[in-house]
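>>> coords please:
(chains A and B)
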There are 2 protein chains.
Amino acid sequence: MSLVVLGTVALDHVKTPSGAKKDMLGGSAAHFAMSARLFSPVHLVAVVGKDFPQKHLDFLKRKGVDLTSLKIGQGKTFRWAGEYKKGDLNTALTLATELGVLENYVPEIAEHQKKMPNVFLANFDPDLQMKLLASIKRPQLLGLDSMNLWITHKQKSLKKLMKQVDLFVANDSEARALTGESNLIMAARALRRMGPRLIVVKKGEHGVLFYSDKFMFSFPAYPVEKVLDPTGAGDTFAGGLMGYLSKMRRVDEKTLRKALLYATTVASFNVQGFGMACTAPLTMREVEARMKTLIKFSAVS
Amino acid sequence: MSLVVLGTVALDHVKTPSGAKKDMLGGSAAHFAMSARLFSPVHLVAVVGKDFPQKHLDFLKRKGVDLTSLKIGQGKTFRWAGEYKKGDLNTALTLATELGVLENYVPEIAEHQKKMPNVFLANFDPDLQMKLLASIKRPQLLGLDSMNLWITHKQKSLKKLMKQVDLFVANDSEARALTGESNLIMAARALRRMGPRLIVVKKGEHGVLFYSDKFMFSFPAYPVEKVLDPTGAGDTFAGGLMGYLSKMRRVDEKTLRKALLYATTVASFNVQGFGMACTAPLTMREVEARMKTLIKFSAVS
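Numbers count the residues shown, from 1 in each chain, chains lettered A, B, ... in the order given. Model (predicted):
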């Protein structure tokens, strides 16, 4: 089933202990789409500037991403420059941010996309996430991601939004910051009380924790030995999760476990290359093969 | 099969956000024994002072721990006072250490214990661990634990010792400190190259990673919502691991996976009470019941 994602499409400059790359296609919605397209048709709602390279547009189209609601605005494309230091590849240090066209953007979605059954609000300003939500029919499955910036500066808007979504994705530090709970199980419970019935806590190299009223589970990440660039890993993870759930059209325990295994698997590819170097060429065959290894790696019985 | 453990027996003062307790039975060998005794007969090699309460001796005996090689030395029992701050229950802050009888202790082991098939060198001065090793027949399965103190101050002795052991247990920060690798898979590989063929990296609330030449695996910790006192969790974990391996008399993949599930399970009880409040009364029936929950929690298929 069709899946709509709202978020950023960016040009990223990234420096890690393994090297540096400039002007890479990035942003929360772009990384999400590059992963979700493996499972379901993806419709992108975002904005780029006049300077956005045609090759990136062609590339996204070639990957099957619907760009009908990708607006080309007056001004420059959103740019993010970040660095990861040796020994702590989990923490992105923002070197520079140029909002460009994001500054005056109001999400607009094409008429035929307003009734789509699955919607994901990838990391973005919660007020803009809310605006998109106000303009569409309540989806069957509505997911939300955020980040520390919004938890700090727009917590009220974020919490209002959380009351309306089904699924909330957070990494461990975000879950702790938003709830004030250091224990992740307690944090997941607290997030549940804020609204979403499906809570996903991403723990980076330590895997994932899922929490709902009826069941919870956890498993480790795929063992990646050489992380080149973790940018977009969380978005890639969310794309695998929502992509598979959209494909399956149900959110029971078995499907959720499998969706999170897929999410874990695609995210492991993301960190092995700069930008989308490893997720862009990815096929389901490669995903399935690695997932088999992951299942063996984490089998308890 | 019989299992010998060398380590500390201490009187602990612990302060956590949940309260404070004084003069608790503690120490690496004591916590190890309290867990391993559920699976195998345990023989303790350690020293306490004249001031060591008779009730603790009686208690250990009642739990089936063989105290033949527990020396009662001239002087005071080793004392440790530590605190865990709110928000970081993984990190023990040492408030005070009184070595007492440890200062002049040289491990001595009874003749009939010198040929026992399973030996664990719980966290202790590596030079003393080496001295015990020199006085016994090479066991079939020899395990080793250490801590940051020895990694910093006696790394040479520790590395010499590592060349001789089969199994090495470390927590994530120790694994990183000893190898200089921030990626835990790379750290595990580096530990393997230092000698031990079986590498266990404990990740606290994030579970465990096992590494060997032929296979590796990982699973999450049991989801404990309220950690009261994590003191001795690592020793309790090692006790479950070595205790089960001693019982089974083999170290194949299936047995190792199960041993680490038991280790994870018993460690989860340890953190739920001060000192040995939750591990002392523990029965195999309770362990099996919780392990079932853990298996369900972490099942990937």
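
>>> Beyond the host helix or strand of A:A190, next helix or strand please.
Secondary structure from DSSP states H and E places A:A190 in helix A:184-193. For helix A:184-193, the following helix or strand on the C-terminal side (DSSP H and E) is strand A:198-202.

>>> how many neighbours does A:P53 have?
When counting by other C-beta atoms under 10 Å in any protein chain shown, one arrives at 13 neighbours for A:P53. In this view, the C-beta of every residue, glycine as well, is placed from N, C-alpha and C.

>>> what about the nearest residue to it once chain neighbours are set aside, which helix or strand?
Once flanking residues are discounted, A:P53 sits nearest to A:D23: 7.6 Å by C-beta to C-beta, 6 or more residues apart in numbering or on different chains. Using DSSP H and E, A:D23 sits within strand A:19-26.

>>> hmm, who's touching that strand?
A:9-14, A:53, A:56, A:59-60, A:80, A:228-229, A:231-232, A:274-276 (C-beta atoms under 8 Å, 6 or more residues apart in numbering or on different chains).

>>> what about 6 Å?
A:10-14, A:56, A:274-275 (C-beta atoms under 6 Å, 6 or more residues apart in numbering or on different chains).

>>> Where neighbours are concerned, which of those has the most?
That'd be A:A10 among these, by other C-beta under 10 Å, with 27 neighbours.

>>> Touching, that residue and A:K76? I think so.
No - contact criterion C-beta atoms under 6 Å: A:A10 and A:K76 do not qualify, at 10.9 Å.

>>> quick one: low-confidence parts of the stretch 201-301 of chain A?
Applying pLDDT under 70 to the stretch 201-301 of chain A picks out no residues at all.

>>> thinking again about what came up before, for the contacts of strand A:19-26, which one is nearest B:T255?
Nearest to B:T255 among the contacts of strand A:19-26 is A:F274, at 41.6 Å by C-beta to C-beta.

>>> distance of that closest one from chain B?
Note on A:F274: its distance to chain B, by C-beta to the nearest C-beta, to the nearest Å, is 17 Å.

>>> Phi first, then psi, for that residue.
Here is the backbone geometry of A:F274 (degrees, to the nearest 10): phi -70, psi 140.

>>> what residues are up against it?
Residues near A:F274 by C-beta under 6 Å, 6+ apart: A:21, A:228-229.

>>> how about whichever strand or helix holds A:K156: buried residues?
For A:K156, the host element (DSSP H and E) is helix A:155-162. In terms of neighbour count (16 or more other C-beta atoms under 10 Å in any protein chain shown), helix A:155-162 has its buried residues at A:157-158, A:161-162.

>>> For the residues you listed, give me JSON lines that also has pLDDT.
JSON lines is the format used below for these (pLDDT from 0 to 100):
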{"residue": "A:S157", "pLDDT": "98"}
{"residue": "A:L158", "pLDDT": "98"}
{"residue": "A:L161", "pLDDT": "98"}
{"residue": "A:M162", "pLDDT": "98"}
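
>>> Among the residues you listed, which pair sits farthest apart?
Within those, A:S157 and A:M162 form the most distant pair, 9.8 Å apart (C-beta to C-beta).

>>> Just confirm yes or no for the helix holding A:A190 near chain B.
Yes - applying C-beta under 6 Å from any C-beta of the partner chain, one finds helix A:184-193 in contact with chain B at A:185-186.

>>> Summarise which helices and strands that helix is packed against.
Contacts defined by 3 or more C-beta pairs under 6 Å, 6 or more residues apart in numbering or on different chains; DSSP states H and E place helix A:184-193 against helix A:172-179, strand A:198-202.

>>> Which positions in chain A make contact with chain B?
Residues of chain A lying near chain B (C-beta under 6 Å from any C-beta): A:87, A:182, A:185-186, A:206, A:217-220, A:223, A:225, A:295, A:297-298, A:300-301.

>>> circling back: on contacts alone, who are the packing partners of the helix holding A:K156?
Against helix A:155-162 (3+ C-beta pairs under 6 Å, 6+ apart) you get helix A:126-134.

>>> Quick one: the helices in chain A, in order.
For chain A, the helices defined by DSSP state H cover A:28-36, A:54-62, A:126-134, A:148-153, A:155-162, A:172-179, A:184-193, A:233-248, A:253-270, A:284-298.

>>> Quick check: which of those has the most neighbours on average?
The highest mean neighbour count among those, using mean count of other C-beta atoms under 10 Å in any protein chain shown, belongs to helix A:28-36: a mean of 31.

>>> any idea of the mean pLDDT for it?
Helix A:28-36 carries an average pLDDT of 98.

>>> Name the residues that touch it?
Counting by C-beta under 6 Å, 6+ apart, residues outside helix A:28-36 touching it are A:3, A:5, A:7-9, A:42, A:44, A:46, A:65, A:122-123, A:232, A:235-236, A:238-240, A:242-243, A:266, A:276, A:279.

>>> what sits against A:R249?
For A:R249, the contact set (C-beta under 6 Å, 6+ apart) comprises A:M1.

>>> how about it, phi and psi?
Torsion angles, degrees, to the nearest 10, at A:R249: phi 60, psi 20.

>>> if we can go back for a sec, looking at the contacts of strand A:19-26, which one is closest to chain B?
A:F274 (17.3 Å; C-beta to the nearest C-beta).

>>> What separation do you get for the closest one and A:G239?
Between A:F274 and A:G239 the distance is 18 Å, computed by C-beta to C-beta, to the nearest Å.

>>> what's the answer for A:A96, then?
The gap separating A:A96 from A:G239 is 26 Å, by C-beta to C-beta.

>>> What residue in the stretch 1-150 of chain A comes nearest to chain B?
Across the stretch 1-150 of chain A, the shortest distance to chain B (C-beta to the nearest C-beta) belongs to A:G87, at 4.4 Å.

>>> So which of the contacts of strand A:19-26 is the closest to A:M194?
Nearest to A:M194 among the contacts of strand A:19-26 is A:A10, at 28.0 Å by C-beta to C-beta.

>>> okay, the closest one: pLDDT?
Looking at A:A10, the pLDDT reads 98.

>>> Now do the contacts for the closest residue to it other than its chain neighbours.
In this structure, A:A10 finds its nearest non-sequential neighbour in A:G27, 3.5 Å apart by C-beta to C-beta, 6+ apart. A:G27 sits next to A:8-10 when contact means C-beta under 6 Å, 6+ apart.

>>> so what's the backbone phi/psi at A:G27?
phi 100, psi 150.

>>> And stretch A:74-87, how far out from the chain middle?
Relative to the mean C-alpha coordinate of its chain, stretch A:74-87 is positioned 17 Å out (C-alpha atoms, centre = their mean, to the nearest Å).

>>> and it, how far apart are its ends?
Stretch A:74-87 has an end-to-end distance of 40 Å (C-alpha to C-alpha, to the nearest Å).

>>> Show me which residues of it are buried.
Using 16+ other C-beta under 10 Å as the test for burial, stretch A:74-87 gives A:75-82, A:84.

>>> Contacts for stretch A:169-188, please.
A:145, A:148, A:151, A:190, A:199-203, A:209, A:211, A:238, B:87, B:223, B:225.

>>> With that, I have no additional questions.
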